[in-house]
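> this is a predicted model, with the sequence first.
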Amino acid sequence: MFSVFNTGYAWLDTCLYILMMILFTYPILGGFVWFIGVLCHNFLFRFRQLDWIPIPEEIEPMITIMVPAHNEEVVIEDTIHYLMQNINYQNYEVLVTDDGSTDQTPAILTRLMAQYDNLRVIRIEKNQGKAHAFNIGIGFAKGKLILSNDADTVPEPDALWKYVNYFIRQDAINISAITANMDVQNRTTIIGKSQTVEFSSIVGIIKRTQQAVLGVIYAYSGANTMYRREALYDVGLFRQNRATEDISIAWDHQFQGWLSLFAPKIMFFMEVPESIKMLYRQRKRWAKGGTEVWLTNFKRVFLHPFENIGRTFMFIDQSLSIIWSFFFWISSFLFIGSLGYFLIEGNSERIYHMFTMAFLFVCFEMIAGTIQLLASLLVDDGRKKLKYFRFAPFYMLFFWMINAVTIVTTFIPAVKTILGFGSGVWVSPERQGQGKK
């Protein structure tokens, strides 16, 4: 049975065979696991917010909407106008931390400050990254609740008082942060429409499964998450040398015993990359940040695997995701090499066998992915995204491959960051402007 491996040790052959089977079936099993997880969230999860309580104006807690910005001249004015004019809440301020912008962002913000009394701007002369800008802003924030809000992001009008509903619950004393449900704002291209499917898959199912089954979540959304300021101080604020500060602080919070929650019924809308170049740049940052968190917490999880069994299972899943990415490309190159060899030899039987097995694997993977995506679109945002299901094949064939590429190509840079050579400096975005929701 295990003749494919011949190390001379039966136990090692068995372990290698099991690992090989796990890697081959990982995307298929993952799709079914996320599908089961969303059922657990909908029927078993005790922290679901079933009813919304209107917050009287006289008892509204002060909220600081923090907007870290670097070279955001294309989107910052529309975002500030929206935050000032469309939010159904009274006791809040908007605090922009301008991190060394070299375009028209400072001039736009100066003009807007003259228009809005509850808009404040902190100017940081040297670009030192989003996490640094956020950490500086926390020292000036008036609110005990702080909403991170990217410059290209707008929350739904009722978002603030819905967030507060979580923090006033009787069981909310150890809630560190609430992360909202992401939706795509610019859906004018196939790439944008496909990311609507992707975010619904990632946010709609995976985060539901993580918190309902495992009791933890892998990451906040840096674009729109409300933090308890006390919880930010408790973990030493954001790590400034990480590619994804939102993933890092989610793990830091949960290691400190804080509860991190996903709020699927609080919506926010963000601008997503609409070109392959910008998409790849974004996914490289995500992949690098995820690997950095994996390396940072490896020892903590490995030495204390039963301290939080849910977190350990999530860490195992992340480990398999990284290993699978390498396995995918290695096995793909071996497949192409073997195919070329058998073509030269004229061995049609082996060629037929290879294509048959590959076809079966892809079919099972597509079926599992389709079930996962369909379930996510059915439960997310009142089924409003279901019309984008037709873009699911593009997502499954293209986005999965990009994610596998970025994990492999950023692994060494992530290791360098952990060794002390990381940097959080922003790269100026190439904005297209906000599209229609």
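On my side now, so go ahead.
> can you pull the pLDDT of residue 174?
On the pLDDT scale, residue 174 is placed at 87.
> okay, now the unreliable bits of the stretch 201-350 of the chain?
For the stretch 201-350 of the chain, the stretches flagged by pLDDT under 70 are 201-204.
> what do you get for the stretch 1-150 of the chain?
In the stretch 1-150 of the chain, residues with pLDDT under 70: 1-8, 28, 31-32, 34-35, 38-39, 41-50.
> restricting to C-alpha, output the longest strand anywhere in the chain in CSV.
Identified as the longest strand of the chain according to DSSP state E is strand 259-270. Coordinates of each C-alpha in strand 259-270 appear next as CSV, following Å, rounded to 0.1, in the frame of the first residue of the first chain:
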residue,chain,number,x,y,z
LEU,A,259,-12.3,37.5,22.3
SER,A,260,-12.3,38.6,18.7
LEU,A,261,-15.6,38.5,16.8
PHE,A,262,-16.7,38.7,13.2
ALA,A,263,-20.0,40.6,12.6
PRO,A,264,-21.5,39.3,9.3
LYS,A,265,-24.4,41.8,9.5
ILE,A,266,-22.3,44.9,9.6
MET,A,267,-21.3,45.8,6.1
PHE,A,268,-18.6,48.0,4.7
PHE,A,269,-17.5,48.7,1.2
MET,A,270,-14.0,48.9,-0.1
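> give me the helices and strands touching it, please.
In this structure, strand 259-270 makes packing contacts with strand 153-155, helix 159-167, strand 175-184, helix 245-255, judged by 3 or more CB pairs under 8 Å, 6 or more residues apart in numbering; DSSP states H and E. For glycine as for every other residue, the C-beta is placed from the backbone atoms N, C-alpha and C.
> save these as CSV, and put in mean neighbour count too.
Below are those laid out as CSV (neighbours: other CB atoms under 10 Å):
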stretch, mean neighbour count
strand 153-155, 25
helix 159-167, 21
strand 175-184, 24
helix 245-255, 24
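> ok so, going back, who does the longest strand of the chain pair up with?
Applying DSSP bridges to the sheet, strand 259-270 is found paired with strand 153-155 (antiparallel), strand 175-184 (parallel).
> let me know the next secondary structure element after it.
Next along the chain after strand 259-270, taking DSSP states H and E as the criterion, comes helix 276-303.
> starting at the chain centroid, how far to the helix or strand following that next one?
Under the assignment DSSP H and E, the closest C-terminal helix or strand after helix 276-303 is helix 309-345. Taking CA atoms, centre = their mean, to the nearest Å, one finds helix 309-345 lying 22 Å from the centre of the chain it belongs to.
> got the angle for helix 309-345 vs helix 245-255?
In terms of direction (axes from the mean of the first three to the mean of the last three CA atoms, to 10 degrees), helix 309-345 departs from helix 245-255 by 130 degrees.
> could you check the angle helix 309-345 makes with the next helix or strand after helix 309-345?
Downstream of helix 309-345, the first helix or strand assigned by DSSP H and E is helix 348-379. For helix 348-379 against helix 309-345, the angle by the same axes, to 10 degrees is 150 degrees.
> so residue 284 sits right up against residue 407, yeah?
No. Taking contacts as CB atoms under 8 Å, residue 284 lies outside contact range of residue 407: 9.4 Å.
> neighbour count for the two, which is higher?
In terms of neighbours (other CB atoms under 10 Å), residue 407 is the more surrounded of residue 284 and residue 407; the figures are 25 against 18.
> okay, the more buried one: pLDDT?
With respect to pLDDT, residue 407 has a value of 88.
> buried residues of the helix or strand where it lies, list them for me.
According to DSSP H and E, residue 407 maps onto helix 400-409. For helix 400-409, a neighbour-count test (16 or more other CB atoms under 10 Å) marks 400, 402, 403, 404, 405, 406, 407, 408 as buried.
> which residues touch that helix?
27, 279-280, 283-284, 286-288, 290-291, 321-322, 324-326, 328-329, 369 (CB atoms under 8 Å, 6 or more residues apart in numbering).
> let's see it at 6 Å
Helix 400-409 has contacts (CB atoms under 6 Å, 6 or more residues apart in numbering) with 283, 284, 287, 322, 325, 326, 328, 329.
> any chance of those in JSON lines, with distance to residue 53 too?
Formatted as JSON lines, the contacts of helix 400-409 follow (distance: CB to CB, whole Å):
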{"residue": "283", "distance to residue 53": "39"}
{"residue": "284", "distance to residue 53": "42"}
{"residue": "287", "distance to residue 53": "40"}
{"residue": "322", "distance to residue 53": "42"}
{"residue": "325", "distance to residue 53": "44"}
{"residue": "326", "distance to residue 53": "49"}
{"residue": "328", "distance to residue 53": "47"}
{"residue": "329", "distance to residue 53": "51"}
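> wait, what's in contact with residue 341?
For residue 341, the contact set (CB under 6 Å, 6+ apart) is empty.
> relative to residue 298, how far out is it?
Relative to residue 298, residue 341 is positioned 38 Å away (CB to CB, to the nearest Å).
> next one: residue 88
44 Å.
> what's the answer for residue 125, then?
Remark: distance between residue 125 and residue 298 (CB to CB) = 37 Å.
> out of those two, which sits in the more crowded spot?
Using other CB under 10 Å as the criterion, residue 125 and residue 298 rank with residue 298 on top: 13 against 8.
> near residue 115, how many other residues are there?
By other CB under 10 Å, neighbour count at residue 115 equals 10.
> neighbours of residue 229, how many?
Other residues lying near residue 229 total 14 when counted by other CB under 10 Å.
> I figured it hits residue 144, correct?
Yes. Taking CB atoms under 6 Å as the definition, residue 229 is a contact partner of residue 144 at 5.1 Å.
> run through the bridge partners of residue 119.
Residue 119 has the following beta-bridge partners by DSSP bridges: residue 94.
> before we move on, the earlier item: which of the contacts of helix 400-409 has the most neighbours?
Busiest of those [other CB under 10 Å] is residue 287, holding 27 neighbours.
> if I read this right, that residue contacts residue 410, doesn't it?
Yes. Counting by CB under 6 Å, residue 287 does reach residue 410; the two are 4.7 Å apart.
> and the helix holding residue 407, how far out from the chain middle?
Helix 400-409 sits 15 Å away from the centroid of its parent chain (CA atoms, centre = their mean).
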